[in-house]
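Engineer: Provide a 3D model corresponding to the input given below.
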Amino acid sequence: MDEAEFIAALRTLPLHSGARNLEDDCAMLEIGRETLVLTHDVMAEGTHFRPDADMADVAWKLVAVNLSDLAAKGADPVGVLLGHNLSVDDSRFLEGLRGALETFDVPLLGGDTVKASGLRQFGLTAIGRATHTPVPSRAGAQVGDGIFVTGPLGRAMLGYEGEAEHLDAFNCPRPLLKEGQALAPHVTAMMDISDGLLLDCWRMASASNATLQLERASIPVADCNRIDECIRWGDDYQLLFTAPPDNLLPVGASRIGTVQASGATMLHLDTDNLSPDDQLGYEHR
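Structural biologist: Reported below is the predicted structural model:
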């Protein structure tokens, strides 16, 4: 199975209503007057980081990518649970973990530690408290909404390739927690960009039963000569959201398109009709 097929199979299992039919990056648990937001991500050696990566960067990124999911829900982090694979670089991992937790003011709640052979894998569960209800989802985009992104795309790709000014974008991304909390009351749909703008736009369009019309010239990218790669590569962790076009937004963002009624194709880039068969971004296959 590839990733999409496996997730489709998971949908046949008993699901909690807060799972949002596995069409979002987070689950919601309502407890009294509070809504808890939960997410879990894994980083695997050879897929998400190189064998020679600084484990301090791996730990930082593991925290950051999970907090980015909370940011897309406008959530305030409560704490994290760590799944750790012991290795020769545990001291560096701990240094990076401490740095991320202190920087983002998030405490460690617990987790599990194992010693295993083979390629290393690390997991993290992040728990947050919703600051606005309804909690933003991928599924709320409305016809006529503008489509927005909070910053340039492609910096992580350039950092991965070794460009000095973009190294931090790949190694030590920063989740947009304050921006997500500020946007939550204003958006109709929101998610973070982890697998590439085009693929994540297609996912939002699919969840919202709408068509997203993107304007290539309006998309902010780190290298305008490589726009097609910048909007497919991923790992950017900018916020992608839809909102009424006349809304006064509380954070800076670029409008990159318009939500249209659902049609034969859910994603348009200028005059091109796109589908997942067009290699829109990164998928586990």
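
Engineer: low-confidence stretches in the stretch 151-285 of the chain?
Structural biologist: For the stretch 151-285 of the chain, the stretches flagged by pLDDT under 70 are 282-285.

Engineer: what about the strands in it?
Structural biologist: 189-192, 210-214, 239-243, 254-261, 267-269, 272-274 (DSSP state E, counting those that start in this stretch).

Engineer: run me through the strand neighbours of the longest one, direction for each.
Structural biologist: According to DSSP bridges, the neighbouring strands of strand 254-261, each with its direction, are strand 146-149 (antiparallel), strand 210-214 (antiparallel).

Engineer: got the angle for that strand vs strand 239-243?
Structural biologist: 50 degrees (axes from the mean of the first three to the mean of the last three C-alpha atoms, to 10 degrees).

Engineer: now do the buried residues in strand 254-261.
Structural biologist: 254, 256, 257, 258, 259, 260 (16 or more other C-beta atoms under 10 Å). Every C-beta, even on glycine, is put in place using the N, C-alpha and C of the backbone.

Engineer: want to try a markdown table for those, with distance to residue 24 as columns?
Structural biologist: Listed next are the buried residues of strand 254-261 as a markdown table, based on distance: C-beta to C-beta, whole Å:
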| residue | distance to residue 24 |
| --- | --- |
| 254 | 24 |
| 256 | 21 |
| 257 | 21 |
| 258 | 23 |
| 259 | 18 |
| 260 | 22 |
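
Engineer: for the chain, what's the longest helix?
Structural biologist: In the chain, assigned by DSSP state H, the helix with the most residues is helix 55-71.

Engineer: could you give the mean pLDDT of that helix?
Structural biologist: Averaging pLDDT along helix 55-71 yields 97.

Engineer: in contact with the residue nearest to the spatial centre of the chain, which residues?
Structural biologist: Nearest to the mean C-alpha position of the chain, by C-alpha atoms, centre = their mean, lies residue 192 at 3.5 Å. Under the criterion of C-beta atoms under 8 Å, 6 or more residues apart in numbering, the contact list for residue 192 reads 25, 68, 69, 71, 72, 175, 176, 200, 237, 238, 239, 240.

Engineer: alright, I will stop here.
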